[in-house]
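Asker: have a look; sequence and predicted model below, questions after that.
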Amino acid sequence: MPAKVNLPDPASITEELINKYPAKVAKKRRKSIVANDPDTIPEVQANVRTVPGIITQRGCSYAGCKGVVLGPTRDIVNIVHGPIGCSFYAWLTRRNQTRPETPEHENYITYCFSTDMQEEHVVFGGEKKLKVAIQEAYDLFHPKAIAIFSTCPVGLIGDDVHAVSREMKEKLGDCNVFGFSCEGYRGVSQSAGHHIANNGVFKHMVGNNNEIKPGKFKINLLGEYNIGGDAFEIERLLEKSGITLIASFSGNSTVGAMENAHTADLNIVQCHRSINYMGDMMETKYGIPWMKVNFVGVESTAKSLRKIAEYFGDAELKAKVEEVIAEEMPAVKEIIEEIRPRTEGKTAMLFVGGSRAHHYQDLFNELGMTTLSAGYEFAHRDDYEGREVLPNIKIDADSKNIEELKVTADPELYNPRKSPEEIEELKAKGLEMNGYTGMMKQMVHKSLVIDDVSHYESEKLIEIYKPDIFCAGIKKKYVVQKMGVPLKQLHSYDYGGPYTGFKGAVNFYKDIDRMVNNPVWKMIKAPWEKAESESLEASYVA
Amino acid sequence: MLLRHTSKEVKEREGLTINPAKTCQPIGAMYAALGIHGCLPHSHGSQGCCSYHRSTLTRHYKEPVMAATSSFTEGASVFGGQANLLSAIETIFSVYDPEVIAVHSTCLSETIGDDLQQITKKASDDGKIPEGKYVIYASTPSFVGSHVTGYANMVVGMTEQFAVSTGEKNDKVNIIAGWMEPSDMREIKSLASRLGVKIVLFPDTSDVLDAPQTGKHEFYPKGGITIDELKTVGDSKSSIAVGCITAEPAAVALDKKCKVPFETVDMPIGLSATDRFIMALSKAGGVEVPAELTAERGRLVDVMADMEQYFYGKKVALFGDPDQLMPLTEFLLDLGMVPKHIVSGTPGLRFEKRMKEILERAPGANFKNGPQADMFLMHQWIKNEPVDLLIGNTYGKYIARDEDIPFVRFGFPILDRIGHSYFPNIGYAGSLRLVEKILGVLMDQQDRTALEEKFELVM
């Protein structure tokens, strides 16, 4: 838990945040802004439509499906069926790193594929062009898999990407072709696309390869996309601990690994929001339990490794994990001891992603910094309040249009890795099996939790709280910095990273130290402007 | 080898575009709209479009890019987006208080047939547009044209919807800026002032997308043409459209509406195109070219002559947007270089025709535009006939690295460098900077690859 700090009264701040909105908008926004109480978690409105006209940080379903989940897999040819823009904007902009086994192995991440729909295809239908595109991609690259992503006009004109995919899969013979109905207008944010992606990957990939790979402790890493090399660091720690990684979904991953994922004995979930569906579906169909982990933060990393060892219950593994932690810690300690005096007592705000705003609070705690306010762009209530609220979340029209797969136990492959009794035992030991407590329990009393923060609200927050650092994405970066506050991008990491694991934590400590203590923030006023502003500032702070 | 799966054998493609040398219309409309003072661009479609466009513009300019969205979900896609846009207009005026909202459509709202003219009229009839405030619009479906035509459409929109003619002409010349950087627009204003020509420049993104750090975020930075100025462009004595693809359509629209005669010139990139621009400006303003500008021109020619051995005969591959590619190709020829492979995703017969004329001086050059005129094809051409220099946007860096080709970043978007929006790329000054950049990468390559005994101190 972070240090106890006294925060200003959140109620009056909430009023200030919404008082400029038209009445209806204010009424709606009020429900998404809540004062936190870690002991009695309040309800927060989440995963509801953004009010038209509000400047939001959110993206669309396609961005979640292609951009987030499928994009990082190196050997799938991802064809975007639609006008050129959608494919162009997702081209290499998420920093998913990947490392093919050899230079000859497939890596299509650097390529951008589109059917480049023209007016005639919108009028007369684009299925024919899509078929030609699939054939051309196959002839040029002979990939193991081709995925098709539907963009807005495709859904409206009724092109059936699934039928086209089935037809082409049959025709090509040795290439898995599958489609996603991830049109941008589905759902209320990129979160809808994550769900659609999970369904597609589960239906078309997982379970295709039954080969049992060697390894005593086999796991899958879910919800890790290897931005800035995060997955590389997690892979290093797992390997060092003697844990075998069957598949990552989907950072630094391959089609083959995902097809074989059902042979693992545990799923660990990093980004809950983007992939919790997959954990549940694999449990139901194959009997693989899942647990939430967090490799962001030194304590969280150590805890996550220990949780995996506890799950397998193997004395040797537990000892190995302790050995790894003991080996890694001194280097971290040395750095944190040097840096912490310069960051201690500083404050942060995080408005990013659907798990990152939670995970990165661990790193800020380690720096002695307090999170004043945080929220997600595209989360659901369970990400804030914990998974136990799932039965109480009402399903609205925007969630209903996303397919819910009916998953049942596989007659041949279902094999419960742990009996219900064993699961209860693990839970009794403090292991949160198939659960997630959410962000709010970790945040201090009276901190503000805000879902889908708007541009207007975030500027107000900065004016009121004057945080030492603000975390968000690229669209916010220069806005916040113009206000004299450094902004740390937690989607692209400001082109740094990795930030996971022990080595990643060190990277993050150094970056935050550099950002909050950078001399440039003191140079904003010209010397001839300073005399006047200093007296003003003094009265302002007091 | 990041693009190691690119094959040398070129096969005609009809369905698949790989590594496009273009993007979609709305981002151009958003950029153009930012060139009006106090304007909030608004994307009429689902959130993703607006998010992607803001992200790309932000990465290119490293500046805040504000824009709102109609946030379509499935309901709006089925029943039409009118309710979303009307409620957006209301919210925007009460929360962000812009002078004008510039709405552009997306492929989503175009496919369902939303009529922006009708919806904005309804907004006005319903009293949702406050007194003295405006909502303008442009139709920018993503399945037509490219980002370049989206820019042109929004400039047409601002011209048609603001320009009025009082019947009395003034002594000003409109300069309609094609898609160029804020630094370029600043350079145009500087050139006009040095010539002594009174101009109205629009759109004008200088002081909007290169705003200073002040410790305060200005939601509407000080730059941009004001609406009052924009209203007067119908009374100007003439217009110069800088760029036949991105600027001329607005000049045509203005001539139609307010009888303002116009001349179209190439974007002043390189020596010849800048010469033509300066002559057009001096003619339109009825002024002589001052000696100072002739001297500036002379300095550019001097460097071109002094360094000719590094340019002559060098083969170049380039990709980008029509209004930039045409004068850039001409400039490479003026430098004695050989434009070898050129692609542009932007379709258009006029562009094709003009490029063919320019390339008469470069026999054997490959040129293609429109769908499938992509960077994959250009890379294949390069594999078949290597080049000494690559010029294009940031995405070119993958080809440059794979093939070890000196690379100059030029065009949109540039995501991994700064400078493009701060230093002019046009006029004699911009051309001199371009020459310096080309020389820099060519000489770096020579230094890096020279045998020890051939490693020169003086070059």
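Answerer: Arrived safely, thanks for sending.
Asker: beyond the helix or strand containing B:L332, next helix or strand please.
Answerer: Element membership for B:L332, per DSSP states H and E: helix B:322-334. Note on helix B:322-334: by DSSP H and E, the next helix or strand toward the C-terminus is strand B:338-344.
Asker: list the contacts of residue 262.
Answerer: Picked chain A for this. Counting by C-beta atoms under 8 Å, 6 or more residues apart in numbering or on different chains, A:H262 touches A:206-207, A:210, A:282, A:285-286, A:288, A:413. Backbone N, C-alpha and C define where each C-beta goes, glycine included.
Asker: oops, chain B please
Answerer: B:F262 touches B:174, B:176, B:238-241, B:248, B:251-252, B:254-255, counting by C-beta under 8 Å, 6+ apart.
Asker: how about it, phi and psi?
Answerer: As for B:F262, its main-chain torsions (degrees, to the nearest 10) stand at phi -140, psi 160.
Asker: got it, and A:G438?
Answerer: phi 80, psi 170.
Asker: how close does it get to chain B?
Answerer: According to C-beta to the nearest C-beta, to the nearest Å, A:G438 and chain B sit 25 Å apart.
Asker: hang on, the earlier thing: for the contacts of A:H262, which one is nearest A:C271?
Answerer: A:M282 (15.8 Å; C-beta to C-beta).
Asker: A:G484 against A:K525, yeah?
Answerer: No. Applying C-beta atoms under 8 Å as the test, A:G484 and A:K525 come out as separate, 9.4 Å apart.
Asker: now the common contact residues for these two.
Answerer: Both A:G484 and A:K525 are in contact with B:G215, where contact means C-beta under 8 Å, 6+ apart.
Asker: point out where chain A drops to low pLDDT.
Answerer: Along chain A, segments meeting pLDDT under 70 span A:1-4, A:531-542.
Asker: all strands of the chain, in order?
Answerer: With no chain named, the answer covers chain A. Remark: strands assigned in chain A by DSSP state E are A:33-35, A:76-81, A:113-114, A:145-150, A:176-180, A:218-224, A:244-250, A:266-269, A:290-292, A:347-351, A:370-375, A:448-450, A:469-472, A:487-489.
Asker: let's do chain B instead
Answerer: So, for chain B - with DSSP E - the strands run B:17-18, B:39-44, B:68-69, B:100-105, B:134-138, B:173-177, B:199-202, B:238-242, B:262-265, B:315-319, B:338-344, B:366-369, B:389-392, B:407-409.
Asker: can you list the residues of the stretch 351-459 of chain B near chain A?
Answerer: Proximity of the stretch 351-459 of chain B to chain A, by C-beta under 8 Å from any C-beta of the partner chain, involves residues B:371-372, B:376, B:395, B:398, B:415.
Asker: can you tell me which of those residues has the most neighbours?
Answerer: When neighbours are counted by other C-beta atoms under 10 Å in any protein chain shown, B:F376 leads those with 27 neighbours.
Asker: show me what contacts the spatially closest residue to that one that is not a sequence neighbour?
Answerer: Of all residues not flanking B:F376 in the chain, B:I18 sits nearest, at 3.7 Å (C-beta to C-beta, 6 or more residues apart in numbering or on different chains). Applying C-beta under 8 Å, 6+ apart, we find B:I18 in contact with A:111-113, A:140, B:374-377.
Asker: mind running it again at 7 Å?
Answerer: A:111-113, B:374, B:376 (C-beta atoms under 7 Å, 6 or more residues apart in numbering or on different chains).
Asker: now, among these, which is nearest to A:G375?
Answerer: Closest approach to A:G375 among the contacts of B:I18 (C-beta to C-beta): A:C112, at 31.8 Å.
Asker: residues near the closest one, how many?
Answerer: A:C112 has 24 nearby residues by other C-beta under 10 Å.
Asker: that one and chain B, how far apart?
Answerer: 5 Å.
Asker: just checking, that residue touches A:C86?
Answerer: No. A:C112 is beyond contact range of A:C86, at 10.2 Å (criterion: C-beta atoms under 7 Å).
Asker: centre-most residue in the chain?
Answerer: Reading this off chain A. Most central in chain A under C-alpha atoms, centre = their mean is A:C271, positioned 4.7 Å from the mean C-alpha point.
Asker: wrong one, I was asking about chain B
Answerer: Nearest to the geometric centre of chain B sits B:W179, at 2.4 Å (C-alpha atoms, centre = their mean).
Asker: list of residues touching stretch A:228-246?
Answerer: Under C-beta under 7 Å, 6+ apart, the answer for stretch A:228-246 is A:95, A:97, A:213, A:215, A:217-221, A:224, A:226, A:248, A:251-252, A:257, A:260-261, A:263-264, A:295, A:305, A:308, A:317, A:320-321, A:324, A:493, A:496-501, A:503-504.
Asker: circling back: now do the contacts for the residue nearest to the centre of chain B.
Answerer: Residues in contact with B:W179 (C-beta under 7 Å, 6+ apart) are B:28, B:148, B:151, B:243, B:246, B:321, B:323.
Asker: which non-adjacent residue is nearest A:I246?
Answerer: Using C-beta to C-beta, 6+ apart and skipping the chain neighbours, the partner closest in space to A:I246 is A:A264 (4.2 Å).
Asker: top helix in chain B by residue count?
Answerer: If you go by DSSP state H, chain B has its longest helix at helix B:427-449.
Asker: mind exporting stretch B:109-122 as PDB, just the C-alpha atoms?
Answerer: Taking C-alpha atoms only, stretch B:109-122 is exported to PDB below (Å, rounded to 0.1, in the frame of the first residue of the first chain):
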ATOM      1  CA  SER B 109     -21.100   8.200 -42.100                       C
ATOM      2  CA  GLU B 110     -20.700   8.300 -45.900                       C
ATOM      3  CA  THR B 111     -21.800   4.700 -46.400                       C
ATOM      4  CA  ILE B 112     -24.900   5.200 -44.400                       C
ATOM      5  CA  GLY B 113     -25.600   8.400 -46.300                       C
ATOM      6  CA  ASP B 114     -25.500  11.000 -43.600                       C
ATOM      7  CA  ASP B 115     -26.000  14.400 -45.300                       C
ATOM      8  CA  LEU B 116     -23.700  16.900 -43.500                       C
ATOM      9  CA  GLN B 117     -25.300  19.900 -45.200                       C
ATOM     10  CA  GLN B 118     -28.800  18.900 -44.100                       C
ATOM     11  CA  ILE B 119     -27.600  18.100 -40.500                       C
ATOM     12  CA  THR B 120     -25.700  21.300 -40.000                       C
ATOM     13  CA  LYS B 121     -28.700  23.200 -41.400                       C
ATOM     14  CA  LYS B 122     -30.900  21.400 -38.800                       C
END
